[in-house]
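1. build me a model:
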Amino acid sequence: MVRAAERAGRPPRTSVWLEDRAPRGGGRGGGRQPSGLDRDRITAATVRLLDAEGLTKFSMRRLAAELNVTAMSVYWYVDTKDDLLELALDAAFGEIRPPDPEPHPDPEPHQGSDPEPHQGPDPKPGPEPGPEPRRSADPDPDPDPDPEPEPADWREELRALARAYRALLVRHPWLSSLAGTFLNIGPHAVAFQLAVQRVVRRTGLRTAGQAGALSAVFQFVYGFGTIEGHFVRRCAAAGMSQDDYHRRAMSAVTRAPGLREAVRDSADLRQARGDGTVEEIRDRDFAFALELLIAGIETMVRRGE
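-> Here you go, the predicted model:
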């Protein structure tokens, strides 16, 4: 299907974040700018609709009805539906609070900033000094009032970022599709990406291996969170709890002639996972898989790779 931009001879749009569009208005809707709307309100309503109804049912008309405005009013603030979806994607990433960057050591004072030795004539003598005050018996100097904070352990920060990303994908099942569609260069997404890069740089891996480590951890989280999010949504659509849905699904699979052998062969794996709800077992699987990846990074660091 040929896009409208190509038919009109214009280059295709790359990202709403790279467009040189006049902010807050001037869209294709024409007429007077609608009151009571702004881009943030429209974006927030988009996120709510995507959460409630999913990506396939989303439309500009449905959004306009939610906002109680005409569809053309929305175009005062965005040029296309894709622009709006890209804004919603970044707004969702804003729910992640990356750790603060590690504080840099205070720079050396600029030469000449400290008082220099007196270069002029000697000052006039003052009164004779009295006896020296008696020193404290404690020879230790006063403790540093502002000690340098210990750097956070990269493993804990990596776990925290991975858990936050997984939770984001589960809360917003539509996010994984959009993250793979758009450039994902909004300010919140970039802040998350930079936080991840800072943590991986502190692992001790050689620079050549850091991109691979990023992919190993966060592509795993992307896949895990995407499947989990779709399962949660499917259970909700069926009006069932995750445990009830899983029991019903396993019962059906066990009865299927072509799948009995596969179910029987994996019985030891299911038993080894232990008791608990679907969510509890899934949490244990995620935590163990993440530890495997962290152990792999540590091994590569010891090998100097």
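
2. any stretches of this protein with poor pLDDT?
-> Counting by pLDDT under 70, the chain contains low-confidence ranges at 1-11, 20-35, 102-151.

3. in it, which residue is closest to the centre?
-> Within the chain, the residue whose C-alpha comes closest to the C-alpha centroid is Phe192; the distance, by Cα atoms, centre = their mean, is 4.4 Å.

4. three-state assignment of that residue?
-> Three states are possible here, and by DSSP: H, G, I helix; E, B strand; the rest coil the one that applies to Phe192 is helix.

5. dump the residue contacts of it.
-> Residues near Phe192 by Cβ atoms under 8 Å, 6 or more residues apart in numbering: Phe93, Ile96, Pro98, Leu161, Tyr165. All C-beta spots, glycine's among them, are computed from the backbone N, C-alpha and C.

6. go with 6 Å
-> Neighbouring residues of Phe192 by Cβ atoms under 6 Å, 6 or more residues apart in numbering: Phe93, Ile96, Pro98.

7. check which helix or strand the last one maps to.
-> If you go by DSSP states H and E, Pro98 is not part of any helix or strand.

8. heads up, I number from 292, so please use that
-> Noted, 292 is the first residue going forward, which turns the last one into Pro389.

9. now do Leu328 against Glu357, distance only.
-> Taking Cβ to Cβ, to the nearest Å as the measure, Leu328 falls 12 Å from Glu357.

10. phi and psi next, for Ala486.
-> For Ala486, the backbone dihedrals are phi -60, psi -40 (criterion: degrees, to the nearest 10).

11. give me the element the closest residue to Tyr513 other than its chain neighbours is part of.
-> Counting by Cβ to Cβ, 6 or more residues apart in numbering, the nearest residue to Tyr513 once its immediate chain neighbours are dropped is Ser467, at 6.4 Å. Per DSSP H and E, Ser467 falls inside helix 466-470.

12. what are the boundaries of the helices in the stretch 392-541 of the chain?
-> Under the criterion DSSP state H, counting those that start in this stretch, the stretch 392-541 of the chain contains helices at 445-462, 466-470, 478-492, 498-529, 533-546.

13. give me the neighbour count for Glu386.
-> By other Cβ atoms under 10 Å, 14 other residues sit near Glu386.

14. skipping its backbone neighbours, what lies nearest it in space?
-> Nearest residue to Glu386 in three dimensions, chain neighbours excluded: Leu459, at 6.1 Å (Cβ to Cβ, 6+ apart).

15. and His463, by the same measure?
-> His463 sits nearest to Ala383 (Cβ to Cβ, 6+ apart), 5.0 Å away.

16. again with Leu466
-> In space, Leu466 comes closest to Ala383 once its chain neighbours are excluded; the distance is 5.5 Å by Cβ to Cβ, 6+ apart.

17. how about the helix or strand that neighbour falls within as PDB, C-alpha atoms only?
-> Remark: Ala383 resides in helix 372-384, with elements defined by DSSP H and E. What follows is helix 372-384 as a C-alpha-only set of coordinates in PDB (Å, rounded to 0.1, in the frame of the first residue of the first chain):
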ATOM      1  CA  LYS A 372      -2.500   8.900  13.900                       C
ATOM      2  CA  ASP A 373       1.100   7.500  13.900                       C
ATOM      3  CA  ASP A 374       2.300  10.700  15.500                       C
ATOM      4  CA  LEU A 375      -0.200  10.200  18.300                       C
ATOM      5  CA  LEU A 376       0.800   6.600  18.800                       C
ATOM      6  CA  GLU A 377       4.400   7.600  19.000                       C
ATOM      7  CA  LEU A 378       3.600  10.200  21.600                       C
ATOM      8  CA  ALA A 379       1.600   7.600  23.600                       C
ATOM      9  CA  LEU A 380       4.600   5.200  23.400                       C
ATOM     10  CA  ASP A 381       6.900   7.700  25.000                       C
ATOM     11  CA  ALA A 382       4.400   8.800  27.600                       C
ATOM     12  CA  ALA A 383       4.200   5.100  28.700                       C
ATOM     13  CA  PHE A 384       8.000   5.000  29.000                       C
END
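
18. other SSEs contacting it?
-> Applying 3 or more Cβ pairs under 6 Å, 6 or more residues apart in numbering; DSSP states H and E, one finds that helix 372-384 contacts helix 330-344, helix 466-470, helix 478-492.
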